[in-house]
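In: Whatever this is, show me its structure:
(one chain, ligands or ions: 2)
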Amino acid sequence: MKIGILGMGGIGSFIGAKLTKNYENDPETDIIFICRNATKKAINQDGLTLITADETLTAKPFLTSDVPEEIGTLDMLILATKSFSLAQAIKTYQDCIKEDTVIIPLQNGVDAKDIIVKNLNHYNSNILEGCIYVASNIEKPGVVKHLGGPGKIVFGNTDEIDFKWVETILTTGGLQATYTKDIKTFLWKKYMFVSPVATMTSALNIPFGALVENAEYMRILENMMKEVKALANAFNVTITDQDIEAALGMLSNFPYQSKSSLQLDFENNSPQTEKYNLVDYVIEQGETFEITVDTYKDMNKKIIALYTT
Ligand SMILES: NC(=O)C1=CN([C@@H]2O[C@H](COP(=O)(O)OP(=O)(O)OC[C@H]3O[C@@H](n4cnc5c(N)ncnc54)[C@H](OP(=O)(O)O)[C@@H]3O)[C@@H](O)[C@H]2O)C=CC1
Ligand SMILES: CC(C)(CO)C(=O)C(=O)O
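Out: Ligands and ions are numbered 1, 2, ... in the order given. The predicted structure is shown next:
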């Protein structure tokens, strides 16, 4: 089995280090890190380092490459780029994907599968959907720190094909992974937390703790969650008021100074951010389905004023 991980940043490295360590003595399983430039150079030189609270793992994969011919065709491809890199990444590694390659995207968002389908030049019935519950960031190329969260992967599909066997491959590889046919609900529930929190903390330029301690901010956040709930319903996914309560409560589990990755990307003047997937997508789909997303529109105006003038 040839497993490729595309994008060796916070998420890809968390997954890649564990899979490599757990499959290092298995001659039948090759783990391939698909990365480029400084990351590729650092991993080739020193291996990939994952720093966790309990241990520091150094992993040397079967292959580190950004050359499709060298990578060859893959049996499984885990997509761990940011959302804005997904379309180009699929186009670049098109030849590594055969008809039955199992593809698992883990981006924050609900449209990764649509992006893959749009950019793959052939039919593939094995494009799954997924998400990961973790906080893991690049310290420097080839060195990644697991900051918290269980690292649990939830993945699945909604058609009749059974991919339970993929769960066994991932768990044998040292990952917490759960296969579900209800993946849309998981994706939307995660989105219903990540998107409003990222949008609001970016728009107001405040850490998570400053949201929690302000009742008016929490009321606005709840409105945004309700707007996502309405949108999920338009996609035939049920989000309940209890889910919203739980999401609001979850915010207090983060340290006061926590910031969303969207906010950090704005602060760091990153050339690209996930704003489209986390903010604009809700507004765009709201308009398509004629769902009121006024709170999102207000916050979007603030984001534009704060970061693009
Ligand atoms: N980090 C986290 O804790 C969490 C992140 N997420 C989500 O997971 C996704 C990934 O996030 P994260 O890991 O933080 O992102 P990072 O920016 O840390 O990593 C993305 C990596 O993808 C690489 N990449 C992009 N395009 C290509 C390409 N064509 N070929 C090879 N490598 C490529 C980038 O490399 P390069 O530098 O060369 O461009 C970079 O190393 C996002 O959607 C995020 O929202 C979800 C939960 C938590
Ligand atoms: C909001 C958070 C920290 C939740 O995991 C996240 O995933 C992000 O900032 O992208």
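
In: And ligand 1, is the one helix or strand I43 maps to touching that?
Out: Assigned by DSSP states H and E, I43 belongs to helix 37-46. Yes: Helix 37-46 is in contact with ligand 1 by CB under 6 Å from any ligand atom, via 37, 39. Glycine gets a C-beta too; all of them are placed from N, C-alpha and C.

In: The lengthiest strand in the chain: partners in the sheet, and parallel or antiparallel?
Out: What stands out as the longest strand in the chain, according to DSSP state E, is strand 143-156. Strand pairing for strand 143-156, using DSSP bridges, gives strand 48-51 (parallel), strand 129-140 (antiparallel), strand 176-180 (parallel).

In: related to what we said a few turns ago, now the helix holding I43 and strand 143-156, what's the angle there?
Out: Relative orientation of helix 37-46 versus strand 143-156 (axes from the mean of the first three to the mean of the last three CA atoms, to 10 degrees): 110 degrees.

In: Which positions in helix 37-46 come out as buried?
Out: For helix 37-46, the neighbour count (16 or more other CB atoms under 10 Å) marks 39-40, 42-44 as buried.

In: Who are the packing partners of that helix?
Out: For helix 37-46, the packing partners by 3 or more CB pairs under 8 Å, 6 or more residues apart in numbering; DSSP states H and E come out as strand 63-65.

In: about what we covered before: can the longest strand of the chain be said to contact ligand 2?
Out: No: using CB under 6 Å from any ligand atom, strand 143-156 never reaches ligand 2; the gap is at least 6.6 Å.

In: residues contacting whatever residue of the chain ends up closest to ligand 1?
Out: Scanning the chain for the residue nearest ligand 1 gives G9, at 1.7 Å (criterion: CB to the nearest ligand atom). For G9, the contact set (CB atoms under 8 Å, 6 or more residues apart in numbering) comprises 39, 80-82, 138, 144.

In: which among those gets closest to S260?
Out: Checking the contacts of G9 against S260 with CB to CB, the nearest one is K82 at 13.2 Å.

In: For that closest one, which non-adjacent residue is closest in space?
Out: E274 (5.8 Å; CB to CB, 6 or more residues apart in numbering).

In: gap between the one you found and T171?
Out: 28 Å (CB to CB, to the nearest Å).

In: ok, back up a step: and the average pLDDT for the helix holding I43 is what?
Out: Per-residue pLDDT over helix 37-46 has a mean of 98.

In: Off-centre distance for it?
Out: In terms of CA atoms, centre = their mean, to the nearest Å, the centre of helix 37-46 is found 23 Å from the chain centre.

In: Over to stretch 253-265?
Out: When C-alpha coordinates are averaged (CA atoms, centre = their mean), stretch 253-265 and its chain have centres 15 Å apart.

In: cool, stretch 29-38 as well?
Out: That offset, for stretch 29-38, works out to 18 Å (CA atoms, centre = their mean).

In: Kindly report the same for stretch 25-36.
Out: 21 Å.

In: anything in that stretch near ligand 1?
Out: Yes: Stretch 25-36 reaches ligand 1 (CB under 6 Å from any ligand atom) through 34-36.

In: residue contacts, A247?
Out: With contact set as CB under 8 Å, 6+ apart, A247 has these partners: 189, 192-193, 225.

In: got a markdown table for the residues you listed, with pLDDT and distance to ligand 2 too?
Out: Converted to a markdown table, the contacts of A247 look like this (pLDDT from 0 to 100; distance: CB to the nearest ligand atom, whole Å):
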| residue | pLDDT | distance to ligand 2 |
| --- | --- | --- |
| K189 | 97 | 12 |
| M192 | 98 | 12 |
| F193 | 97 | 7 |
| M225 | 98 | 13 |
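
In: quick one: which of those sit in helices?
Out: 189, 192-193, 225 (DSSP state H).

In: between these, which has the most around it?
Out: Neighbour tally across those (other CB atoms under 10 Å): the maximum, 25 neighbours, falls on M192.

In: what's the closest non-adjacent residue to it?
Out: Nearest residue to M192 in three dimensions, chain neighbours excluded: V228, at 4.5 Å (CB to CB, 6+ apart).

In: Wait, a helix at that neighbour?
Out: Yes: V228: assigned to a helix according to DSSP: H, G, I helix; E, B strand; the rest coil.

In: Can you get me a residue count around it?
Out: Neighbours of V228 (other CB under 10 Å): 28.

In: same deal with A53?
Out: 8.

In: For T29, see how far away the residue of the chain closest to ligand 1 is.
Out: According to CB to CB, G9 and T29 sit 23 Å apart.

In: and the residue nearest in space to the middle of the chain, backbone torsions?
Out: The chain has Q107 as the residue nearest its centroid, 2.4 Å off, counting by CA atoms, centre = their mean. Main-chain dihedrals, Q107, degrees, to the nearest 10: phi -70, psi 150.
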